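In: could you work out the structure for the sequence below:
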Amino acid sequence: MGRILNEKDVEAAVRGGSVYAAGGGGWADHGRMLGYAAVSIGRPELITIDELEDEEWVATAAAIGAPASTTPWEMQGVDYVKAVQLLEDALGEQVSALMIGQNGKSSTLNGWLPSAILGTKVLDAVGDVRAHPTGDMGSIGMANSPEQMIQTAVGGNRSENRYIELVVRGATAKISPILRTAADMSGGFIASCRNPLRASYVRGNAALGGISLALTLGEAIIQADAKGGHAVIDAIVRTTGGTILTEAEVTAKSVVYTKEAFDIGTITLGHGDKAVTLHLMNEYMAVEDAGGNRLATFPDIISTLSPDGEPMSVGQIEVGMRIFLLHVPKTLIPLSSSVKDPSVYPICEKALGISIADYALA
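Out: Modelled structure (predicted):
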């Protein structure tokens, strides 16, 4: 039987999801808004893939954009629900469950409100355990598929007349950039429901158990809270099986927001021979030491923590801050077929000017 998600699960999902956000992944307050709304108006239910019949439809609930930037985004809980309804209308059938494209500060909770209102289940599966810059990276192997998909997007800044409702059909790689453009036009962040697929396909291609991972991590963080920052960081390291690569001061930050709704650039921690550079595209994609040696690469989990153990997004980080850099190698997490898909990497490699695929596919 499924697990009914309740009020205490909201904070656990936000706190655990924030670590897996890898420097991106939305806003914690947005996640709390989605979660508390869901558990107060209904009974969102988390289920495993084994609770679905092979032929049932699963779609991905996502939020698209780069809201770390100073854009005028506005996204309401109702937008996530409307996105599911538009997808069901276009599909002509009901969606049984929603998975998510990635964990994050809010994205771990993307399926909860539609579950509470529409009765779709929250599937314990993710397109990627950690957050990533492009929809393709969470598309569980559909990025290069010629198969016609349906994607919807809903949301926008109402007061600036930026509200958009969009339904688009086509091959995933061709239509995903349309949703990213819509996110930019809407104010930088938009709710989406996309890529309805049969449960039998999801079973073989998603990273199963990804939402439970975030909940378990969040519960460990909350338990450690009263003992202070070091205890929280210890709990994160222990629960994820990761390591702290460095504890250092932020000495440089160079990040630009692009019209494709990406934050792209680098953050440097420490000085001289001890310096490490984080390469980021919305999220942290790679870490190099002062000699240019690679210390961590997507789909590893790479996360920046404050001395209090708070996961810091790119937008929060400022020169002079003290940061703990968490690394969890990809061998310790379930991997979806989309992070093993060579076609998802060229866009990031071109934007960052570094190799990612060599490691990710090894």
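
In: domains of this protein?
Out: Split into domains by automatic domain parsing, the chain comes to 3-210, 227-360.

In: which of those domains is buried the deepest?
Out: domain 3-210 (a mean of 22; mean count of other Cβ atoms under 10 Å). Using the backbone N, CA and C atoms, a C-beta is placed for each residue, glycine as well.

In: that domain: end-to-end distance?
Out: End-to-end distance for domain 3-210, by Cα to Cα, to the nearest Å: 15 Å.

In: pLDDT averaged over that domain - what is it?
Out: For domain 3-210, mean pLDDT rounds to 93.

In: hmm, back to that, TSV for the domains of the chain, including distance to G218?
Out: Output for the domains of the chain, formatted as TSV (distance: least, Cβ to Cβ, whole Å):
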stretch	distance to G218
domain 3-210	3
domain 227-360	9
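
In: among these, which comes closest to I221?
Out: Of all the domains of the chain, it is domain 3-210 that lies closest to I221, at 4.6 Å by Cβ to Cβ.

In: ok now that closest one, how far from the chain's centre?
Out: With Cα atoms, centre = their mean, to the nearest Å as the basis, domain 3-210 stands 9 Å off its chain's centre.

In: let me know which of the domains of the chain is the nearest to A220.
Out: Per Cβ to Cβ, nearest to A220 of the domains of the chain: domain 227-360, 4.4 Å.

In: which residues touch V255?
Out: D263, I264, G265, T266, I267, L280, V314 (Cβ atoms under 8 Å, 6 or more residues apart in numbering).

In: same check, this time on K274
Out: T246, A248, A290.

In: quick one on the thing from earlier: which residue in the contacts of V255 has the weakest pLDDT?
Out: Within the contacts of V255, pLDDT is lowest for D263, at 88.

In: just the strands in the stretch 151-300 of the chain please.
Out: Assigned by DSSP state E, counting those that start in this stretch, the strands in the stretch 151-300 of the chain fall at 164-171, 189-198, 207-208, 243-257, 263-269, 276-281, 283-289, 294-297.

In: could these go into a markdown table alongside distance to T331?
Out: Below are these laid out as a markdown table (distance: least, Cβ to Cβ, whole Å):
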| stretch | distance to T331 |
| --- | --- |
| strand 164-171 | 32 |
| strand 189-198 | 27 |
| strand 207-208 | 13 |
| strand 243-257 | 13 |
| strand 263-269 | 24 |
| strand 276-281 | 21 |
| strand 283-289 | 16 |
| strand 294-297 | 12 |
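
In: of those, which is nearest E310?
Out: Checking those against E310 by Cβ to Cβ gives strand 243-257 as the closest, at 14.4 Å.

In: relative orientation of the closest one and strand 283-289 in degrees?
Out: Angle, strand 243-257 to strand 283-289, by axes from the mean of the first three to the mean of the last three Cα atoms, to 10 degrees: 120 degrees.

In: number the residues from 55 up from this point.
Out: Happy to do that; since the first residue is 55 now, the last one works out to strand 297-311.

In: sheet-wise, list the partners of strand 297-311 with their directions.
Out: Next to strand 297-311 in the sheet, as set by DSSP bridges, lie strand 317-323 (antiparallel), strand 376-382 (antiparallel).

In: alpha carbons only: can I get the last one in PDB?
Out: I take that to be strand 376-382. Below are the C-alpha coordinates for strand 376-382, written out as PDB (Å, rounded to 0.1, in the frame of the first residue of the first chain):
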ATOM      1  CA  ARG A 376      32.300  30.000   4.200                       C
ATOM      2  CA  ILE A 377      31.100  26.900   2.400                       C
ATOM      3  CA  PHE A 378      31.200  23.100   2.800                       C
ATOM      4  CA  LEU A 379      31.300  21.200  -0.500                       C
ATOM      5  CA  LEU A 380      29.500  17.900  -0.500                       C
ATOM      6  CA  HIS A 381      30.200  15.200  -3.100                       C
ATOM      7  CA  VAL A 382      28.200  12.000  -3.500                       C
END
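
In: just how off-centre is it within its chain?
Out: The chain centroid and the centroid of strand 376-382 are separated by 18 Å under Cα atoms, centre = their mean.

In: helix or strand right after that strand?
Out: For strand 376-382, the following helix or strand on the C-terminal side (DSSP states H and E) is helix 400-406.

In: which residues touch that following helix?
Out: Helix 400-406 is contacted from outside by 187-188, 190, 316, 318, 333, 335, 339-340, 352, 409-411, using Cβ under 8 Å, 6+ apart.

In: what does stretch 236-244 give?
Out: Against stretch 236-244 from outside (Cβ under 8 Å, 6+ apart): 80, 117-121, 123, 125-129, 133, 207-211, 214, 216-218, 220, 233, 313-315.

In: nice, that's everything, thank you.
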